[in-house]
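>>> My questions concern the predicted model and sequence given below.
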Amino acid sequence: MKINPLGPMNNPYRQQIDKQQAQNQQPGKKDQLEISETAKEMQQGEKTGDVRQDKINELKQKIDAGEYNVDPRQTAQNMYDFWTNN
């Protein structure tokens, strides 16, 4: 039994692929991103004050020296107070 080829195979998705390629090749259509002024301000982050920065530096030094200890009971109490609005 001999099977004759049917000729070029038709890809049912070819039209869709051709449309997408034609759209991608159109000049002038590019994605664009704009960041609002509010978002730019948020990206800058909150500026820490001098007093706060001093406290941060002090904590970093204690942590590096191994002198910083956390009281787990006080931490748990603070979390409980926060979540129960006390």
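That came through, no problem. Numbers count the residues shown, from 1 in each chain.
>>> all helices for this structure, in order.
In the chain, helices defined by DSSP state H lie at 14-24, 37-44, 50-65, 72-83, listed in chain order.
>>> got any ranges where this protein has weak pLDDT?
Applying pLDDT under 70 to the chain flags the ranges 1, 4-10, 26-29, 46-48.
>>> okay, which residue is most central for it?
Central residue of the chain (CA atoms, centre = their mean): Gln43, 12.3 Å from the mean position.
>>> List the contacts of that one.
Going by CB atoms under 8 Å, 6 or more residues apart in numbering, Gln43 touches Ile35. Any C-beta I mention is one placed from the backbone N, CA and C, and that applies to glycine too.
>>> For it, give its distance to Asn86.
Distance of Gln43 to Asn86, computed by CB to CB, to the nearest Å: 35 Å.
>>> likewise Gln20?
Between Gln20 and Asn86 the computed distance is 59 Å (CB to CB).
>>> Could you do Gln74 as well?
Gln74 sits 14 Å away from Asn86, going by CB to CB.
>>> same question, Glu41
Glu41 is 34 Å from Asn86, where distance means CB to CB.
>>> ok, now Asp64?
Per CB to CB, Asp64 is found 34 Å from Asn86.
>>> Equivalent analysis for Leu33, please.
44 Å.
>>> Compare those two and say which is more crowded by neighbours.
In terms of neighbours (other CB atoms under 10 Å), Asn86 is the more surrounded of Leu33 and Asn86; the figures are 8 against 4.
>>> Next, format the helices of the chain as CSV and append distance to Lys2.
Shown next, in CSV, are the helices of the chain (distance: least, CB to CB, whole Å):
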stretch, distance to Lys2
helix 14-24, 29
helix 37-44, 69
helix 50-65, 82
helix 72-83, 80
